[in-house]
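1. this one's structure only:
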């Protein structure tokens, strides 16, 4: 979930408490993490469990404290591709494919890997997902 209109003066601990109050989850227990993006006046909340992100965003948008701060929440779009960095030289592309097909790391159904050996990186593009949003 992306939180927008996050002023530079808002501390991450305040956002953590806000998320905890709205969701009933605990950052200390590893239920979610917060990444501040000050140059965009935003923050990204990443939930580790089966939290309904749309429901959370709706609740946060109705929260009086968030409204007072003009903070709004919206769900991120489904990722079509990612850039993986620090890939050891000569790593076979099928290793990368198997990694991203693993349920523990996303469980993608189809994965296309474009390696960038000069950058020790790869672009991983995902195909049709099995209902994952």
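-> That came in fine, so what should we check first? Please read all numbers here as calculations on a predicted model, not as lab measurements. Residues are numbered from 1 along each chain as shown.

2. going forward, measure contacts and count neighbours with C-alpha atoms only.
-> Noted.

3. so what touches the lengthiest helix in the chain?
-> When the chain is parsed with DSSP state H, its longest helix is helix 12-23. Helix 12-23 is touched from outside by 25-27, 34, 36, 56, 59-60, 63, 66, with contacts defined as Cα atoms under 8 Å, 6 or more residues apart in numbering.

4. let me know the closest of the residues you listed to residue 111.
-> Closest to residue 111 out of the contacts of helix 12-23 is residue 34 (27.7 Å), distances taken as Cα to Cα.

5. neighbours of the spatially closest residue to that closest one that is not a sequence neighbour, how many?
-> In this structure, residue 34 finds its nearest non-sequential neighbour in residue 45, 4.8 Å apart by Cα to Cα, 6 or more residues apart in numbering. Using other Cα atoms under 10 Å, residue 45 has 20 other residues around it.

6. just to revisit the earlier point, which among the contacts of helix 12-23 end up buried?
-> Burial of the contacts of helix 12-23 was assessed by neighbour count (16 or more other Cα atoms under 10 Å); the buried members are 25, 34, 36, 56, 60, 63, 66.

7. picking up where we left off before, after the longest helix of the chain comes which helix or strand?
-> Moving toward the C-terminus from helix 12-23, the next helix or strand (DSSP states H and E) is strand 32-37.

8. now for the residue most central in space within the chain: which residues touch it?
-> Using Cα atoms, centre = their mean, the residue of the chain that lies closest to the mean C-alpha position is residue 46, 4.6 Å off. Taking Cα under 8 Å, 6+ apart as the definition of contact, the neighbours of residue 46 are 1, 32-34.

9. give the helix, strand or coil label for it.
-> Assigned by DSSP: H, G, I helix; E, B strand; the rest coil, the conformation of residue 46 is strand.
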